[in-house]
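Student: Okay, sequence plus prediction incoming.
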Amino acid sequence: MSIENLKRVFAAMSGCDAWSLQLLKIKTSKREGTSYTGREITLAPAGELSDFVSEISKRYIDTEKGVLKSFQGMTDYDGSTIDRTVYKLSTESELIQSEYNALVTAIARPDVEINPLEFKAQAYLLKGIITLDSIEYPVKLVSMQNPVTTLNHKFWMKNGSFEEISDKVLSLRPTIDVVVFNDNIYMLTLAGENLFNMERSYKAICTTKIDTINECNIITDFDAFSAIARSGHNPRKFVSFNDAHLQKLKNANSRKKMAKKFNIPLDGDKFDTTNPDASDKLVKLLCDRGMVDPFDDNPMEVAGSKKWV
C-alpha cells in the first residue's frame, strides 16, 4: 500500500451509495481496557450521506489541494511522530488487536434508541463497500471529533428578528483520522492513537522491555533507568524496540564499542544509568533512534528508521 493506492481508495468512495453513519463513544479504564458503543443515525433527505462522503473523497484526492498531496510517505507504525506521514499497522497487531475486535463487535450491534444528542460521542464512523479492480472491499472511516455540539452565539431569523440557536446540533466535519481497509489501519493523523488507546499498549511494551533489559545485566541502576525510560515520550519509542541490538549488547566488547560511539558513560563494563543522559541515550539506541552518518561515521539521532530500499 502506498499514498497513491490510498488515493484510489478515497476515489472509489464516491461510487458507493450504501454508506452508514454511527456516532462512536469510547471508554477506557485500567481495569476493563477499552470499550466502544455505536449509535447508528440517519441523515435526511435520502442521498445526503452519500453526498457527504463524496465531499470527503474530493477533499482528499483533489488534484490541486487534496489532503493526501500533503503527505510525504507511508510507513509501518513505530511510535514515531513524523509530520506528513501516514502510519500503517495490521488489524492483528498486538498494539490494537483487542481494541479493534471490540470496535468491530460494537459497530455490528449499534444502539438505535438512545437520544443521539445525549450520547456523548467522541467520534463518528462511516461504513461502506467500495469497488477496486472489480473486487468489493469493506471500508471504515473514523473522524476523531465530537460530532455533537452546542452552537454559541449563533442566530437564525424568526419573525423578523434573530434568535439564538440553543439546541445541540450534529456537526460533521469532512476530516478523516483513520481508514480501515483490507485488514489494515491507516492513521492519517495521530488522533488515531486515541481511537485504540495506544498509549496503554506502548506503555505495556515499555514495561516488558525494561524488565528484559534488566535481566541482561548491562546497566548499573535499574530504578534510575526505569524512571527515565517511562518518562516523557520514551514509552512510545519502545514500539520499535530492537531485540537483536539488545542481544548484541550482552557482549561486553559490543557495549564498549557502542558506549564510545554514542558517548554513553560506562561504570566498569556496564552502562552507567545513574546518569539520566546515559539512560536516555540507551533508550534511543535500543529503539532505533540512534544511527550512524554513512559519510563521516558520526552518531546521529533520528525520529524513526526503516530499512533502506
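Tutor: Structure received.
Student: From now on I want contacts and neighbour counts done on CA atoms only, so please keep to that.
Tutor: Noted.
Student: what stretches of this structure score poorly on pLDDT?
Tutor: By pLDDT under 70, the low-scoring segments of the chain are 1.
Student: Arg289 contacts Gly304, correct?
Tutor: Yes - using C-alpha atoms under 8 Å, Arg289 is in contact with Gly304, at 6.0 Å.
Student: So which residues of the stretch 201-309 of the chain form strands?
Tutor: 266-267, 270-271, 290-292, 299-301 (DSSP state E, counting those that start in this stretch).
Student: tell me the domain boundaries of the chain?
Tutor: 3-196, 201-301 (automatic domain parsing).
Student: what about those, which gets the closest to Val309?
Tutor: Each of the domains of the chain has some distance to Val309 by C-alpha to C-alpha; the shortest is domain 3-196, at 12.7 Å.
Student: From the opening residue of the closest one to its closing one, how far?
Tutor: 23 Å (C-alpha to C-alpha, to the nearest Å).
Student: and it, how far out from the chain's middle?
Tutor: Domain 3-196 sits 13 Å away from the centroid of its parent chain (C-alpha atoms, centre = their mean, to the nearest Å).
Student: circling back: nearest to Thr85, of the strands of the stretch 201-309 of the chain?
Tutor: For Thr85, the closest of these is strand 299-301, at 18.7 Å, according to C-alpha to C-alpha.
Student: what's the closest one packed up against?
Tutor: Judged by 3 or more C-alpha pairs under 8 Å, 6 or more residues apart in numbering; DSSP states H and E, strand 299-301 is in contact with strand 290-292.
Student: strands paired with the strand it packs on, and their directions?
Tutor: Paired strands of strand 290-292, with direction, are strand 299-301 (antiparallel) (DSSP bridges).
Student: Could you take the strands of the stretch 201-309 of the chain and lay them out as a markdown table, with extra columns for mean neighbour count?
Tutor: Converted to a markdown table, the strands of the stretch 201-309 of the chain look like this (neighbours: other C-alpha atoms under 10 Å):
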| stretch | mean neighbour count |
| --- | --- |
| strand 266-267 | 15 |
| strand 270-271 | 21 |
| strand 290-292 | 17 |
| strand 299-301 | 14 |
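Student: want to throw these into a markdown table with distance to Ser98?
Tutor: A markdown table is the format used below for the strands of the stretch 201-309 of the chain (distance: least, C-alpha to C-alpha, whole Å):
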| stretch | distance to Ser98 |
| --- | --- |
| strand 266-267 | 41 |
| strand 270-271 | 36 |
| strand 290-292 | 31 |
| strand 299-301 | 33 |
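Student: Of the ones you listed, which is nearest Asp83?
Tutor: Among those, the nearest to Asp83 by C-alpha to C-alpha is strand 299-301 (16.6 Å).
Student: what sits up against the closest one?
Tutor: Strand 299-301 is contacted by residues Lys261, Phe262, Lys284, Arg289, Gly290, Met291, Val292, Asp293 when judged by C-alpha atoms under 8 Å, 6 or more residues apart in numbering.
Student: Identify the residue nearest the geometric centre of the protein.
Tutor: Geometric centre of the chain, nearest residue: Glu193, 3.3 Å, by C-alpha atoms, centre = their mean.
Student: Could you find the closest non-adjacent residue to that residue?
Tutor: Excluding its sequence neighbours, the residue lying closest to Glu193 (C-alpha to C-alpha, 6 or more residues apart in numbering) is Glu199, at 7.4 Å.
Student: what's the neighbour count on the one you found?
Tutor: 15 (other C-alpha atoms under 10 Å).
Student: so how far is the one helix or strand it maps to off the chain centroid?
Tutor: Using DSSP states H and E, Glu199 sits in helix 198-215. Relative to its parent chain, helix 198-215 has a centroid offset of 18 Å by C-alpha atoms, centre = their mean.
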